[in-house]
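> just coords:
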Ligand code: RNT
Ligand code: ZN
């Protein structure tokens, strides 16, 4: 059966509940999803750096052939992935993806280090987001950056932070719209610290110093701080914990970033959105999929993902949420990772926009909780797939599994030549 025929039937089913599928498709396509550049190269980065400039913080597992080795390859891969993904997209660049002829250390980076990304974004008609990089550097080796007890090291990272905000501002100016900046630090310790207070005090002080730079326009450089429960090598103590980040964000009028993989293994984030948005203007989501630990698996269209977007729909806070992806799987074709994960996120958005929110909330107001439960359950078997297929068709990207062969063709013509 054709996509159109299936869609007409589905449309009528949803219309019976007062849901306009055409409008849902339009709205779902219009919400930007920020693609993280780091899936292309397993978070290695493209800095020109002296040998040995490396160290701590993050890890991708796997060794599938075809990793992007430079900016040109990463951008080509992103273009390929983006051609198979429906809806509005942005690209999220980390500071370690700077491209310069000579070595420029993190504290001396300028917008010029990202000129290639900015030129490319303009040519693609997309906007960029930015992240300072507090890892993969010798000054991150001992596990502490902005909270380092060594004043010279701490000051170095503060300078990096200040530089990052200027870069983001320049990106925003070039694209004529805000650049969302995510602040994540790996700071923490493997085992029980004797002092949990000191690093947190230094972390707050460092952020205060960075954010004190009023020359940066906060409508252009929009900052979010990302929490984490634990990481590899920081199993016992993470300085920027959930409480630290939400308290910091609220007290400083900043945004909070919640990564779906950064909580206790059975803890989900959808229930937190309605709390944080009482007290802050915007939140940033790192849409990811944890497996047992913060393993950054490729995002899938699962209950956790649906619940996040359903919550946004039911609170009608679409304009207060920034959606970015954060996964890195080096064990599979990386284009496949991008396309599967981003299409899943877009599906989650569409799925939520097809929710019978008004009816559910009316039932709730009337105390009809059996009806509420029943309708939620019945909606799980509505013909969602037909609406999703129509969204892909309207967006001009492959419908259903058809994109798998495009991925394979790119693998044999481009990725396999990378050795
Ligand atoms: C790490 C955080 C962070 C990074 C990226 C690369 O645990 O999730 O967001 O994944 O900044
Ligand atoms: Zn993250």
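Sure thing, it's come through. Predicted model only: the values in this text are computed from it and were never measured. Ligands and ions are numbered 1, 2, ... in the order given.
> in stretch 4-20, what's buried?
For stretch 4-20, the neighbour count (16 or more other CB atoms under 10 Å) marks 6-7, 10-11, 14, 19 as buried. (Each C-beta comes from the backbone N, C-alpha and C, glycine too.)
> which residues sit against that stretch?
Identification of contacts with stretch 4-20 by CB atoms under 8 Å, 6 or more residues apart in numbering yields 21-22, 24, 354, 356, 358-359, 382-387, 389-390.
> please redo it, this time with the cut-off set to 10 Å
1-2, 21-22, 24-27, 353-359, 375, 378-379, 382-391, 393-394 (CB atoms under 10 Å, 6 or more residues apart in numbering).
> just the residues you listed: which are in helices?
Cross-referencing those against helices under DSSP state H gives 21-22, 24-27, 353, 357-359, 375, 378-379, 384-391, 393-394.
> what does the chain put close to ligand 1?
38, 43, 58, 94, 131, 184, 226, 228, 231, 259, 286, 294, 326 (CB under 6 Å from any ligand atom).
> return the list of helices and strands in contact with the helix-or-strand element of the chain with minimal mean pLDDT.
Ranked by mean pLDDT, DSSP states H and E, the weakest helix or strand in the chain is strand 293-297, scoring a mean of 88. Counting contacts by 3 or more CB pairs under 10 Å, 6 or more residues apart in numbering; DSSP states H and E, strand 293-297 packs against strand 289-291.
> what pairs with the strand it packs on, parallel or antiparallel?
Sheet pairing of strand 289-291 (DSSP bridges) gives strand 293-297 (antiparallel).
> name the helices or strands packed onto the very next helix or strand once past the strand it pairs with?
Counting by DSSP states H and E, the element after strand 293-297 in chain order, helix or strand, is helix 303-314. Counting contacts by 3+ CB pairs under 10 Å, 6+ apart, helix 303-314 packs against helix 21-30, helix 270-279, strand 283-287, strand 289-291, strand 321-325, helix 334-353, helix 357-365.
> how far is helix 303-314 from where the chain is centred?
Centroid displacement of helix 303-314 relative to its chain, using CA atoms, centre = their mean, to the nearest Å, is 16 Å.
> quick one: mean pLDDT for it?
The pLDDT scores in helix 303-314 average 98.
> got it, and stretch 2-18?
pLDDT averaged over stretch 2-18 gives 98.
> what about residue 347, distance to residue 300?
9 Å (CB to CB, to the nearest Å).
> meant to ask about residue 27, not that
To residue 300, residue 27 is 22 Å away according to CB to CB.
> coming back round to it: close to ligand 2 as well: tell me which of the residues of the chain next to ligand 1 qualify.
259, 286, 326 (CB under 5 Å from the ion).
> report the buried members of those.
For these, buried by 16+ other CB under 10 Å: 259, 286, 326.
> next, give phi and psi for the last one.
Taking degrees, to the nearest 10, you get phi -150, psi 90 for the backbone angles of residue 326.
> then the first one?
Main-chain dihedrals, residue 259, degrees, to the nearest 10: phi -100, psi 130.
> now it, nearest residue through space, not along the chain?
Nearest residue to residue 259 in three dimensions, chain neighbours excluded: residue 286, at 3.5 Å (CB to CB, 6 or more residues apart in numbering).
> residue 272: neighbouring residues, count only.
Residues lying near residue 272 (other CB atoms under 10 Å) number 18.
> contact partners for it?
Residue 272 sits next to 242, 246, 256, 258, 263, 283, 308, 311 when contact means CB under 10 Å, 6+ apart.
> now rank those residues by neighbours and give me the top one.
Among the contacts of residue 272, residue 308 has the most neighbours (other CB under 10 Å), with 26 neighbours.
> just give the closest residue to that one, not the sequence neighbours.
Closest to residue 308 by CB to CB, 6+ apart is residue 270, at 4.8 Å.
> distance-wise, check that neighbour relative to ligand 1.
Distance, residue 270 to ligand 1, using CB to the nearest ligand atom, to the nearest Å: 18 Å.
> does residue 61 touch residue 295 like I think?
Yes - Residue 61 lies in contact with residue 295 (CB atoms under 10 Å); the separation is 8.1 Å.
> more neighbours: these two, which one.
residue 295 (17 against 11).
> show me the contacts for the closest residue to the more buried one other than its chain neighbours.
Spatial nearest neighbour of residue 295, excluding adjacent residues (CB to CB, 6+ apart): residue 261 at 6.9 Å. Contact analysis of residue 261 by CB under 10 Å, 6+ apart lists 228-229, 269, 286-291, 293-297, 326-327.
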